[in-house]
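S.K.: Predicted model follows, preceded by the sequence.
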Amino acid sequence: GTTMGEQKETSSASATASEIKTLLNQANLPESADAIRLDRLRRIFAQLVENEELNLSNLHDKSNNLNNSNVKVKWNEFLRNRHRVYLSQLCDRIRHGRRSTLRTTMGVIASSPNINYPINGKVKSDTIDENPSMTLNHQLLHSMLCAIVHPFGESMMEDSVPKMESGDMNKWWHSSQQNAIGPTRENIIDLLDEEFIKPYKDVQYFLLLQLEKLANEMYRSENSLLSLDKIEGRKSSLQEQENDCRRKNFGQVAENLLRVLIRIQVPNSEDDLEANDLKDGTYSNYLFVSNISKENSLDDDDDIHDNDDNINNDEDDSDDDDYDEEEEQLNGKDQEPKRKKQRTTNIRPKSKSISKKPNFQTLSQHRRALQSAHLAVLRLPHLPPRALRRALQHIPTNILPHVSSPLRFADFCTRAYDVGGITGILALHGLFILMTKHGLEYPNFYSSLYKLVDTKAFHTKHRTRFFRLLSKCLTGSQMLPAYIVASFCKRLCRCALSAPPSGALFVLALTSNLLRKHAETACLIHRNGNGNSNVDITKNDSENPSTSGSSKIHKNTMGDPFDADTDDPSKSCAIESSLWELDALERHYHPAVSTMAKSVGREDPTKTPMHNLEEFLLHTYKSLFDTERKREKNKKIQVPLTFHEPKGLFVAEDVFANIFDVPVSST
């Protein structure tokens, strides 16, 4: 018969099962009551995990390995099934943007670790009492991330949304093709960042791996659908509408992934990854810290490095391990046996006295995960332009200095650079870093840069960044051909004619520096209308009668061979032209522009220093106005606004002088 202890345990399990079923069935409650219900379930499952009654690890089920009774196995399976239902309810509410549910889900992950036993991943009877290593549960993290990046659109009603099983990416994605997906709420991402990403280094690492996995799953799913569409040749309007909806949803999910990804900051040094502030057996900067086993410290394949695209980095790739345990768990693969073949060179002998840190406590692995996650997300098709511009602003300062192989981002930056416009301007920064610091060769760089110089660039909010990089690209080398320097000077001065005063001042300063630095371009200043530079633009006067009479131009007038419409500096013929735009700028309405235009090309190279372009980048309408307003009231430098006190809106000789006069009635 059963003992009193077993009867009491059975009674307790029955009461727990009954409470779990009751709470799971109470799904249609007000938001506040529902939050209390979900938190109560979290505490119940956390207690079951702590008591080792529930094992959520996807590897090495301890209850099976220890030859426990059939009752315990069935009890664990029952709890796992109920936990899946609970997780599905959590994900459904996260998709509706409930912050309280997201906080509850983070608590579930914090109380349900993956448990890995120390000796070669196997549990032995004489090692049961040893402390196992614990890491984040990848399946729970994956389910939470799927729910965050697949929020319901504003028009979706809760009762019209199909309930999805958590953790199955195919079901998540195929359901999103039929239902509208909206942007993830900013307060959801803020909560995830403040309470889950920033405080814990292991969360940062495993979240990067999950972001990469999710992006790769989306990429494969979309490619398979595109291939199917191409084979079937779908052309009906309904199918085209479905495809448009699918592409829109895909782009929205990709943007949501990117918004989460840019919140993750890689540690700056190994010291940042050290576990600190030990208190009550936990650390302030880690959810879980693995117990490092000396017997399992070094793997046979420890020296296998990532060698994608033949780009190596000795410092960052020295600890890379393509077959590490965490990535095999994430990819759903069973752990393969140790490989017998080893490289004949650079083989480190095994040593049981040396301990190896887990990957999430290694700086090189953090950098590698950061790089892989960004590359996986950025290659996704249908990425919206706003997301692309956000990525281009984030990459130069937050990604390229930290990843192991920055040149892996060259394709992304060059494709964005060739787009032109605002996207090209933002891509210029990353491309400039890759060229100057990492040896990227891009033969068409200056041709693409030439396309970006137009009047629109003077009015964008990224104007200062663009002009700063433009000046570095043009003044950083004295080896630039004269025709390239002349083309940029000519196009910049042409744009300055219609640019705001702040932009015109920068153009004049940059042109002055370029003309003095490249003496062979001085012909742009000194060329006149005599000699071979003349262009006979009246030779076809007989064929073009519009040039006759008073509008006829004499043969000694100089034409401008500069082609302003071409985007190829080698075909612009700028070196054969002249900077007549400077003469026009000397008549500019703003006195600062007019004064500076008169000095360009007339500086004494031995006495006049180069202009500090950073000062001119800071000029705005407001700063120029304040400068004039605060100028000393000296009559010699005051700019007269009018010579006579006006008596009306128009002068007496103007045709509109009497337009506002009230006609006098004759009666």
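M.R.: Arrived safely. Numbers count the residues shown, from 1 in each chain.
S.K.: Next up, the contacts around residue 474.
M.R.: Contact analysis of residue 474 by Cβ atoms under 8 Å, 6 or more residues apart in numbering lists 480, 485, 488, 510, 514. (Glycine included, C-beta is placed from N, CA and C.)
S.K.: So which of the residues you listed belong to helices?
M.R.: Of the contacts of residue 474, the ones assigned to helices by DSSP state H are 485, 488, 510, 514.
S.K.: Out of those residues, which is nearest to residue 243?
M.R.: For the ones in helices among the contacts of residue 474, the minimum distance to residue 243 (Cβ to Cβ) is 43.5 Å, reached by residue 488.
S.K.: these two touch, right, the closest one and residue 451?
M.R.: No - judged on Cβ atoms under 8 Å, residue 488 makes no contact with residue 451 at a distance of 11.6 Å.
S.K.: more neighbours, those two?
M.R.: Using other Cβ atoms under 10 Å as the criterion, residue 488 and residue 451 rank with residue 488 on top: 25 against 18.
S.K.: Skipping adjacent residues, who's closest to that one in space?
M.R.: residue 474 (6.0 Å; Cβ to Cβ, 6 or more residues apart in numbering).
S.K.: Give me the pLDDT value at that neighbour.
M.R.: pLDDT, residue 474: 92.
S.K.: What residues are bridge-paired with residue 135?
M.R.: Following DSSP bridges, residue 135 is listed with bridge partners residue 114.
S.K.: pLDDT at it, what is it?
M.R.: 84.
S.K.: do residue 483 as well
M.R.: pLDDT, residue 483: 93.
S.K.: which residues sit in contact with it?
M.R.: 569-570, 572, 574-575.
S.K.: Turn those into JSON lines, including distance to residue 43.
M.R.: Compiled in JSON lines, the contacts of residue 483 are given as follows (distance: Cβ to Cβ, whole Å):
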{"residue": "569", "distance to residue 43": "69"}
{"residue": "570", "distance to residue 43": "72"}
{"residue": "572", "distance to residue 43": "72"}
{"residue": "574", "distance to residue 43": "74"}
{"residue": "575", "distance to residue 43": "78"}
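S.K.: what's the closest of the residues you listed to residue 628?
M.R.: residue 574 (33.7 Å).
S.K.: where do the helices sit along the stretch 151-300 of the chain?
M.R.: 169-178, 186-192, 201-232, 237-261 (DSSP state H, counting those that start in this stretch).
S.K.: Could you tell me how far the longest one lies from the centre of the chain?
M.R.: By that I understand helix 201-232. Averaged C-alpha coordinates place helix 201-232 at 17 Å from its chain's average position (Cα atoms, centre = their mean, to the nearest Å).
S.K.: List the buried residues for it?
M.R.: Buried residues in helix 201-232, counted by 16 or more other Cβ atoms under 10 Å: 201-219, 221-222, 225, 229.
S.K.: Over to the second one?
M.R.: Neighbour-count burial for helix 186-192, with 16+ other Cβ under 10 Å as criterion, is recorded at 188-189, 191-192.
S.K.: ditto for the last one
M.R.: Judged by neighbour count (16+ other Cβ under 10 Å), helix 237-261 contains these buried residues: 245-247, 249-261.
S.K.: what about residue 505, how many residues close to it?
M.R.: 25.
S.K.: That one belongs to a helix, doesn't it?
M.R.: Yes - under the criterion used here (DSSP: H, G, I helix; E, B strand; the rest coil), residue 505 sits inside a helix.
S.K.: Distance of it relative to residue 401?
M.R.: Using Cβ to Cβ, to the nearest Å, residue 505 is found at 32 Å from residue 401.
S.K.: Verify the stated contact: residue 649 with residue 658.
M.R.: No - assessed by Cβ under 8 Å, residue 649 is found out of contact with residue 658, at 10.9 Å.
S.K.: show me where pLDDT drops low in the stretch 151-300 of the chain?
M.R.: Regions of the stretch 151-300 of the chain meeting the criterion pLDDT under 70 cover residues 154-179, 229-238, 278-281, 290-300.
S.K.: the helices in the stretch 401-550 of the chain, which residues?
M.R.: 410-419, 421-437, 445-452, 463-475, 482-496, 501-517, 523-526.
S.K.: Residue ranges in the stretch 401-550 of the chain under the pLDDT threshold?
M.R.: Checking the stretch 401-550 of the chain against pLDDT under 70 turns up 529-550.
S.K.: sorry, back to before: tabulate the helices of the stretch 401-550 of the chain (a markdown table), appending distance to residue 271.
M.R.: Listed next are those as a markdown table, based on distance: least, Cβ to Cβ, whole Å:
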| stretch | distance to residue 271 |
| --- | --- |
| helix 410-419 | 31 |
| helix 421-437 | 24 |
| helix 445-452 | 38 |
| helix 463-475 | 32 |
| helix 482-496 | 46 |
| helix 501-517 | 42 |
| helix 523-526 | 55 |
